[in-house]
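Trainee: generate a structure from the sequence data that follows.
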Amino acid sequence: MRHILDAKPHSEGKEEYIRPRLTQRGSLGDSRPQPHWPALDGLRALAVLGVMIVHLGNRLLLGGYLGVDVFFVLSGFLITSLLIGEWEKQRGRVSLRNFYARRSLRLFPALSCIVVASSALAVLEGLAGRVNGPAAGRTTLDAIPWVIFYIGNWNRAFSLSTLGILGHTWSLAVEEQFYLVWPALFIIVISHSRRRKRLALWLSLLALAVMIYRGAMAHLGYSLDRIYFGTDTHCDGLLIGCAAAFWLSSTQPFPLRPTGHRMLKSLTLLGAVTLIILFIFGSLAEASLDISIATVATGVTLVGLVTGTAPSAVERLLSCDLAVWIGRRSYGLYLWHFVTYDVVIAVFDHYSGNYVQGGLSARQIGIDSIYVIAFITSFLIAALSYRFVELPALRLKRRFQSGKRVGGAHRKRPHQARADERGAIREGVWATTD
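Mentor: Alright, predicted model coming up:
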C-alpha cells in the first residue's frame, strides 16, 4: 500500500507539481483507514535489531544504540500524522482524552508485563546468590516507580542509578514525556498557522537548536549520561519526525523537476547508507554528533519512503515480509530482549560458571551459542507478547478512535474481525526505544 502523489504538469514547461499526502487514497480527512507504510515497519526492524545486537555486548555494531534515534523520528512522524488526520477528519478538533487512552493501551499493557517479570527476576537473582544479585535486584526494584511513571531517563541522566535490568526503558520515558505535551502544543500551533510548511520549518529549526545545545553541553564537559538520557538534549529526533509530518501533509504543491526527483532519490539512498555506516562504526564517545547525523539521515530516508522516491532496492528490502514482521513486533522486542539476555546468561552462569562479571572466562565454552540462544529467545517472547498482550490491547484501542461510538456494537463477522486486527496494528507506533 502506498500513498498517492498528485502530479500535474506545469502549463508553461516540463516542470511537475507534486503533492505528497499522508494517505493511501484520498485525503487525510476522509473516513478511510489511517495510512500505513510497510517500509516504515522495516525501518523499525533495522532500529530494534541495532539495539538488540549492541546490547549483546559485542563489537559487531558499535553504533547500534542509534536505533533509538530512528525510533524517535518514526514516533514523531507517525503520532503527528495521526493528529493531523484527526484534526482534518473532525474539522479542527482533537480529542485529548481519546489520544491518551490510545497511547495508554498501546504502551502500558506490555510495559506492565515486563515490570512484573523484571521484579520477579530481581527477587530470584537475589535469592540465588548470583554475583551482584542482591545489589542488582535492589536496583531493579527501586527503578519500578521511575519506570511506570515514565521518568526513568532523568534517573539515568543524573546518574542516580542504572535502573537495573529495566535500564533500557529510559527511551520510553522520553517518548511518553513527548506524548504528554505534544498533542496540546499541536492544537495550539495548527490553530494559529494554516501554513504547514512554515510549521515544518520552525520545528526543523528547533531540532537544529537541540543539536547545537547538545553539542555545547558536550563541549562544556557535561557527563555523557546527562547528554544522552536527558529529554531536553535528546528530543531532536521527535521534532524532525513532527516536521516531516507537517511538510508531507501540506496541501500546497511544490515543483519537482526530473532532476529534483533524482536528487531526492539519491538523498534517500544516502540517508539509508549513512544509517548503516553509523550503526557499524558509531561510538557512544561521539554520541552528540552521531545522534544528530542519524536523526537527519532517518528523516531523509523517511521522506523518501513516504513519497515513493526511495530507490526500489531500499524500499523492497524494508518492505519485505521478514522486515515488516520484525517491525510490527519491535516494541515487544525492545522491551523483552534486555531481560531475556539477563535470564539466559544467568542460567549459563549458574550451570557452567563460564561467565564472569565484566567479561568472559578463558574457556569461553559455548558463549557464542548462548548469545544466539538469547537473541532467538527474545523473538519468541516478543511474538507471544504481540499475540496475547499487544494485539488485544490494540483492538481495545480502536474504540477510542475519534468519531466512533464506544460499546453497543453488533457482532462482527470473521472477515470484519480480521480487518479490524489489521487496522489495529496500523496505529501501532512504538515507541522506542520505540
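
Trainee: list the helices and strands the longest helix that the chain contains packs on?
Mentor: Longest among the helix segments of the chain by residue count, using DSSP state H, is helix 96-128. Here helix 96-128 touches helix 133-148, helix 170-192, helix 330-352, helix 391-397, going by 3 or more CB pairs under 8 Å, 6 or more residues apart in numbering; DSSP states H and E. Backbone N, C-alpha and C define where each C-beta goes, glycine included.

Trainee: what residues of it count as buried?
Mentor: Going by neighbour count (16 or more other CB atoms under 10 Å), the buried part of helix 96-128 is 98-99, 101-107, 109-111, 113-115, 117-119, 121-123, 125-126.

Trainee: about what we covered before: turn the helices and strands packed on helix 96-128 into JSON lines, columns for mean pLDDT, distance to Leu305 and mean neighbour count.
Mentor: Shown next, in JSON lines, are those (pLDDT from 0 to 100; distance: least, CB to CB, whole Å; neighbours: other CB atoms under 10 Å):
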{"stretch": "helix 133-148", "mean pLDDT": "84", "distance to Leu305": "32", "mean neighbour count": "18"}
{"stretch": "helix 170-192", "mean pLDDT": "95", "distance to Leu305": "21", "mean neighbour count": "19"}
{"stretch": "helix 330-352", "mean pLDDT": "87", "distance to Leu305": "16", "mean neighbour count": "21"}
{"stretch": "helix 391-397", "mean pLDDT": "89", "distance to Leu305": "23", "mean neighbour count": "17"}
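
Trainee: which one, of the ones you listed, ends up nearest to His36?
Mentor: For these, proximity to His36 was assessed by CB to CB; helix 391-397 is nearest, at 13.1 Å.

Trainee: what distance separates that closest one from the centre of its chain?
Mentor: 19 Å (CA atoms, centre = their mean, to the nearest Å).

Trainee: now swap in stretch 380-388 and tell me
Mentor: 18 Å.

Trainee: sort out which residues of it are buried, please.
Mentor: Ile381, Ala382, Ser385, Tyr386.

Trainee: can I get the CA coordinates of it in CSV?
Mentor: In CSV, the C-alpha atoms belonging to stretch 380-388 read as follows (Å, rounded to 0.1, in the frame of the first residue of the first chain):
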residue,chain,number,x,y,z
LEU,A,380,9.9,-15.9,20.7
ILE,A,381,8.9,-14.0,23.8
ALA,A,382,8.2,-10.8,21.7
ALA,A,383,5.9,-12.8,19.4
LEU,A,384,4.0,-14.2,22.3
SER,A,385,3.7,-10.7,23.8
TYR,A,386,2.4,-9.3,20.5
ARG,A,387,-0.1,-12.1,20.1
PHE,A,388,-1.5,-12.3,23.6
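
Trainee: hmm, Met217 and Ile227 touching each other?
Mentor: Yes. Counting by CB atoms under 8 Å, Met217 is a contact partner of Ile227 at 5.4 Å.

Trainee: higher neighbour count, these two?
Mentor: Neighbour totals were compared for Ile227 and Met217, and Ile227 leads with 20 against 17 (other CB atoms under 10 Å).

Trainee: for the more buried one, pull up the helix or strand it's in.
Mentor: helix 224-229 (DSSP states H and E).

Trainee: for that helix, which outside residues touch it?
Mentor: The contact list for helix 224-229 (CB atoms under 8 Å, 6 or more residues apart in numbering) reads 153-154, 156-159, 170, 214, 217-218, 233-234, 284-285, 287-288.

Trainee: widest-spaced pair of these?
Mentor: Between all members of the contacts of helix 224-229, the farthest pair (by CB to CB) comes out as Trp154 and Ala285, at 22.6 Å.

Trainee: so what sits against both of Ile227 and Met217?
Mentor: Common neighbours of Ile227 and Met217 (CB under 8 Å, 6+ apart) are Thr233, Ser288.

Trainee: ok, back up a step: of the buried residues of stretch 380-388, which belong to helices?
Mentor: Those of the buried residues of stretch 380-388 lying in helices (DSSP H): Ile381, Ala382, Ser385.

Trainee: how about the first one, nearest residue that isn't a chain neighbour?
Mentor: Setting aside the residues directly before and after it, Ile381 is nearest to Trp336 in space (CB to CB, 6 or more residues apart in numbering), at 4.7 Å.

Trainee: can you check the last one too?
Mentor: Taking CB to CB, 6+ apart as the measure, Ser385 lies nearest to Gly332, with 4.0 Å between them; neighbours along the chain are not counted.

Trainee: how about the second one?
Mentor: Counting by CB to CB, 6+ apart, Ala382 lies nearest to Gly332, which is 3.6 Å off, once chain neighbours are set aside.

Trainee: just Ile326 next, same as before
Mentor: According to CB to CB, 6+ apart, the nearest residue to Ile326 is Ala45 (3.8 Å).

Trainee: so the one you found is in which element?
Mentor: helix 38-54.

Trainee: what do you get for Ile276?
Mentor: helix 258-281.

Trainee: which strands and helices sit next to that helix?
Mentor: Counting by 3+ CB pairs under 8 Å, 6+ apart, helix 258-281 packs on helix 38-54, helix 287-307, helix 312-319.

Trainee: using PDB, list the CA coordinates for it.
Mentor: Extracted as PDB, the C-alpha positions of helix 258-281 are listed here (Å, rounded to 0.1, in the frame of the first residue of the first chain):
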ATOM      1  CA  PRO A 258      13.000  15.200 -13.000                       C
ATOM      2  CA  THR A 259      16.400  16.200 -11.700                       C
ATOM      3  CA  GLY A 260      14.800  17.100  -8.400                       C
ATOM      4  CA  HIS A 261      13.200  13.700  -8.300                       C
ATOM      5  CA  ARG A 262      16.500  12.000  -8.900                       C
ATOM      6  CA  MET A 263      18.100  14.200  -6.200                       C
ATOM      7  CA  LEU A 264      15.500  13.200  -3.600                       C
ATOM      8  CA  LYS A 265      16.000   9.500  -4.600                       C
ATOM      9  CA  SER A 266      19.800   9.900  -4.200                       C
ATOM     10  CA  LEU A 267      19.300  11.600  -0.800                       C
ATOM     11  CA  THR A 268      17.100   8.800   0.400                       C
ATOM     12  CA  LEU A 269      19.800   6.300  -0.600                       C
ATOM     13  CA  LEU A 270      22.500   8.400   1.100                       C
ATOM     14  CA  GLY A 271      20.400   8.600   4.200                       C
ATOM     15  CA  ALA A 272      19.900   4.800   4.300                       C
ATOM     16  CA  VAL A 273      23.600   4.100   3.700                       C
ATOM     17  CA  THR A 274      24.600   6.700   6.300                       C
ATOM     18  CA  LEU A 275      22.400   4.900   8.900                       C
ATOM     19  CA  ILE A 276      24.100   1.600   8.100                       C
ATOM     20  CA  ILE A 277      27.600   3.100   8.400                       C
ATOM     21  CA  LEU A 278      26.700   4.800  11.700                       C
ATOM     22  CA  PHE A 279      25.300   1.500  13.100                       C
ATOM     23  CA  ILE A 280      28.600  -0.200  12.200                       C
ATOM     24  CA  PHE A 281      31.100   2.400  13.200                       C
END
